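S.K.: Sharing a sequence plus its predicted fold:
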Amino acid sequence: MRIIRAVLHEEVRTSDIELVTRSLEETQRIGADIGEGAEIGDLILLVGDLGAGKTCFTQGIARGLGLADYTSSPSFVLVKEYQGRLNLYHIDFYRLDDIREIAELGMSDYLNRDGICVVEWADRALDLLPEEHLLIKFEHLAVNERRLRFEPRGQRYAGFVEELKGKWNLR
């Protein structure tokens, strides 16, 4: 992995980070770091085109949470639940075109449980989701190469990203 840039946003005092991964395993390792540092109530929002690495990244989060179950995209069932150190609620809005359908899912039920929520295709419902979250944007650059942009929103996630920067030696 290599850092492309870290940008300080003075108005909210958070740093966005861009990383480039060069293999599926590297993308999963970064996800595992997220899972290891996750706390109950965390909300991780994933945005990117098909094949950009969102599900691969979520598999890494699951590993970081100590989940033995394989994490696949819940595109056909919308939500998959996994039990580990913290429960993982893997939510996918890909098949939902109408924001009203998303509103009727009962997202607050998952956000208030004993685990973390990872939402793929979150851009389809950003207005419905809590303002505080970690948004990660995925861009497919080449075979197995991805750009990940971390955009923390809120104090918890700004601190979380700062911890990750230390772990990744990005200071």
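M.R.: Yep, it's here. Numbering: from 1, shown residues only.

S.K.: Of all residues in this protein, which one is nearest the centre?
M.R.: In the chain, the centroid-proximal residue (Cα atoms, centre = their mean) is Ile44; its distance is 3.7 Å.

S.K.: Where does pLDDT dip in the protein?
M.R.: 1-14, 70-77, 95-108, 110, 112, 171 (pLDDT under 70).

S.K.: which residues of it fall in strands?
M.R.: 2-9, 14-21, 43-47, 79-82, 87-92, 115-120, 133-142, 145-153 (DSSP state E).

S.K.: how about those in CSV, adding distance to Gly66?
M.R.: Every C-beta, even on glycine, is put in place using the N, C-alpha and C of the backbone. Output for those, formatted as CSV (distance: least, Cβ to Cβ, whole Å):
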stretch, distance to Gly66
strand 2-9, 28
strand 14-21, 22
strand 43-47, 16
strand 79-82, 10
strand 87-92, 10
strand 115-120, 12
strand 133-142, 20
strand 145-153, 22
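
S.K.: hey, which of these is tucked in deepest?
M.R.: Most buried of these, by mean neighbour count (mean count of other Cβ atoms under 10 Å): strand 115-120, with a mean of 26.

S.K.: what lines up beside that strand in the sheet?
M.R.: Sheet pairing here is set by DSSP bridges, and for strand 115-120 it gives strand 43-47 (parallel), strand 87-92 (parallel).

S.K.: Kindly export that strand (C-alpha atoms) in CSV.
M.R.: Extracted in CSV, the C-alpha atoms of strand 115-120 (Å, rounded to 0.1, in the frame of the first residue of the first chain):
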residue,chain,number,x,y,z
GLY,A,115,-22.1,-4.6,16.5
ILE,A,116,-21.0,-2.5,13.5
CYS,A,117,-22.6,-1.8,10.2
VAL,A,118,-20.9,-1.9,6.9
VAL,A,119,-23.0,-0.5,4.0
GLU,A,120,-22.1,-1.1,0.4
